[in-house]
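S.K.: Predicted coordinates and the sequence they were generated for:
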Amino acid sequence: MNSQKTMGTTSAFTVATLLATTLLLTTGSPARAQTDCKADAGGITLSPGFCATVFADKLGHARHLVVAPNGTVYVNTWSGVYFHNDTPPPGGMLIALKDTNGDGHAEQIVRFGPTKPEGDAGGTGIALYKNYIYAETNDLIVRYALPSNGIAPTGKPETVVSGLPLGGDHPMHPMGIDANGNMYVDLGSATNSCQSQNRMPDVPGDKPCTELKTRGGTWHFDANKLGQRFSPAQRFATGLRNGEGISFDSAGRIFVTQHGRDQLWENWPALYKSNQGQNEPAEELVQERQGADFGWPECYYDYDQKKLVLAPEYGGDGGKKVGVCASKQAPVAAFPAHWAPNDMLIYHGSQFPTAYKDGAFLAFHGSWNRAPGAQGGYNVVFQPLADGKASGPFIVFADGFAGGDKQPGRAAHRPTGLAVGPDGALYIADDVGGRIWKVTFQGGNKTAGIAAAAPAPTTQQASASGNPLPPEGIHPNAGAPLPTPPGASPDQVALGERIFLGQADGGTCAGCHGTDGKGSEVGSNLASGHYLWSDGSVQGITQTIDHGVVKPKEHTGGMPPKGGVQLSQADVAAVADYVWALGHPSTH
């Protein structure tokens, strides 16, 4: 259960403002007309002048990717708790793909590396350096020699780094390697805000936050050296809750993304209103230097005020106090809250117009923490940069990935990885359907400015989390009456559904558990009939809602009591009745 409000209600970020700025954002040139793209773009829309093909599909949970000088695409895929321990496609967790006839689709697809039955859960991070592919696998970073024949490595991997921390909220290890072999690895935080009880209401942050010794920052290693072992001494920068995107501009500057913290309102209802929790804090693009401190967990970047402010766990008052945050490093650019920047790429290719050179593409995985307001993200944006600083507002470059519903448990695709090929084409990976798009420029005029924003997809509804889709409802057996628990009434079940969906009393349940109750990476599937915390009775479900979940068993996110919302006991009883109904499909 969680929270956030429609984008149209923030003073600093409105749909009207975004449309106005994106339509005007050029470098002196008007927006071009949409190019007639012959190929099927796989359901997404793009800025005018750009076209896409589905390069590959159904690869498993494709995370980050790279493209070799010969055009072979290498992808890391992930499994495990984050994806409900589902079964990935057979074979290795790493994949090599090649378009052999130039039609924009991969004809050769070869899996390599260790498999899940061999104990490998794959990973996110992957990089190319000299003649090697570097990849995250469990707590290791290994490298494979690029093959002289074929597309997939055949030799055994060599261990570059071992002993990387696992577990917690952000167990992945994305990486970037510069031209000199400096390897920068993200070690995201194990918690939301360094509380002793993660994501629980009114729990102060640990002082000091000892987690920062081994998490919440960027670590530096040498890509040329084997047998390195992780230690706190290799920390390069700190105060980054989760910095999944790492890239370098032409001057060698290091840029990293920052996932802003969650649950300001749910965990601190006396200090924040629901709309503040929905629209704060910003997602960030930062420039890193040795020893830089970006403020987590003591600080967060306020999107409306455009400054770092003190977090409530460390004496903050709801967004006014600055305190120690005055000495922390502010971002280069900021983006709407909870969009989740899962990758970032500084563009060095020659295919796109010159206005895109050294600018940043960001893949936004999509929010869950904006319920009961409209979820956001599920897109790829372009942020212009000049001399290492933002040189204009961002535009939505590609949209429509989610399909008909921007919800973490229902989205058809969620952008996760970005890479550029030797021909300058942009590749976009998704970790839901396992799809990769190849985006090319067909506009003709390389001197034109930055194009207008991608058209809004016609199938997508920018609706609040609680709006039922389709009209007859979104529960697992939409259109059929839900069962009624013993001793309850249909009216109570209906009230519980409205609260669950955010249509009444500020309920945030759908944020984590999905609008259909079938779960997401942070919340369990309530429609499966499988119960983790009780016997599945209404009484047991009520107790779980009342007490919350401090340490989840099979998911990455904890749940505050009552989902962090001030529900009455009558409301809790109604939600329990509805959750019971979701889990009893045999009686529908």
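M.R.: Sure thing, it's come through.
S.K.: Can you give the distance from stretch 349-363 to the centre of its chain?
M.R.: Taking the mean of its C-alpha atoms, stretch 349-363 sits 21 Å from the chain's own mean (C-alpha atoms, centre = their mean, to the nearest Å).
S.K.: Sorry, slip of the keys, the one I care about is stretch 63-74.
M.R.: On C-alpha atoms, centre = their mean, the centre of stretch 63-74 falls 21 Å from that of its chain.
S.K.: Stretch 516-531 now?
M.R.: Centre to centre, stretch against its chain (C-alpha atoms, centre = their mean), the figure for stretch 516-531 is 19 Å.
S.K.: Now do the buried residues in that stretch.
M.R.: Going by neighbour count (16 or more other C-beta atoms under 10 Å), the buried part of stretch 516-531 is 516-527, 531. C-beta coordinates here come from the backbone N, C-alpha and C atoms, glycine included.
S.K.: And for the residue nearest to Glu283 when sequence neighbours are not counted, the neighbour number?
M.R.: Once flanking residues are discounted, Glu283 sits nearest to Phe335: 4.3 Å by C-beta to C-beta, 6 or more residues apart in numbering. Residues near Phe335, counting by other C-beta atoms under 10 Å, number 25.
S.K.: Could you do Trp78 as well?
M.R.: 23.
S.K.: Can you verify my assumption that it contacts Pro171?
M.R.: No: using C-beta atoms under 8 Å, Trp78 is not in contact with Pro171; the gap is 9.6 Å.
S.K.: Identify the contacts common to those two.
M.R.: Counting by C-beta atoms under 8 Å, 6 or more residues apart in numbering, Trp78 and Pro171 have no contacts in common.
S.K.: And the average pLDDT for stretch 364-378 is what?
M.R.: For stretch 364-378, the mean pLDDT works out to 89.
S.K.: Then stretch 207-217?
M.R.: On average, stretch 207-217 scores 96.
S.K.: For Ser534, which non-adjacent residue is closest in space?
M.R.: Spatial nearest neighbour of Ser534, excluding adjacent residues (C-beta to C-beta, 6+ apart): Gly540 at 2.7 Å.
S.K.: Mind checking what secondary structure the one you found has?
M.R.: Under DSSP: H, G, I helix; E, B strand; the rest coil, Gly540 falls in the helix class.
S.K.: Flag the shaky bits of the protein, pLDDT-wise.
M.R.: 1-35, 459-480, 503, 505-506, 521, 553-557, 585-588 (pLDDT under 70).
S.K.: ok, longest helix in it?
M.R.: Identified as the longest helix of the chain according to DSSP state H is helix 569-582.
S.K.: what does it rub up against?
M.R.: 475-476, 482-485, 488, 492-493, 495-497, 499-500, 505, 507, 509, 517, 526-527, 536-538, 541-542, 545-546, 562, 567.
S.K.: Could you export that helix as CSV, CA atoms only?
M.R.: C-alpha atoms of helix 569-582 as CSV (Å, rounded to 0.1, in the frame of the first residue of the first chain):
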residue,chain,number,x,y,z
GLN,A,569,-11.4,0.5,11.9
ALA,A,570,-14.5,0.4,9.8
ASP,A,571,-12.3,1.2,6.7
VAL,A,572,-9.8,-1.5,7.7
ALA,A,573,-12.6,-4.0,8.1
ALA,A,574,-13.9,-3.1,4.6
VAL,A,575,-10.5,-3.5,3.0
ALA,A,576,-10.0,-6.8,4.7
ASP,A,577,-13.4,-8.0,3.3
TYR,A,578,-12.3,-6.9,-0.2
VAL,A,579,-8.9,-8.6,0.1
TRP,A,580,-10.6,-11.8,1.3
ALA,A,581,-12.9,-11.6,-1.8
LEU,A,582,-9.9,-11.2,-4.1
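S.K.: Would you check that Val185 makes contact with Ile177?
M.R.: No: the criterion here is C-beta under 8 Å, and Val185 misses it with Ile177 at 9.6 Å.
S.K.: Which one of those two is surrounded by more residues?
M.R.: Val185 (27 against 23).
S.K.: how close does Gly188 get to Arg414?
M.R.: 17 Å (C-beta to C-beta, to the nearest Å).
S.K.: what's the spacing between the residue of the chain most remote from its centre and Gln539?
M.R.: Residue farthest from the centre of the chain, counting by C-alpha atoms, centre = their mean, is Gly487 at 41.5 Å. Distance, Gly487 to Gln539, by C-beta to C-beta: 10 Å.
S.K.: No further queries at this time; thank you.
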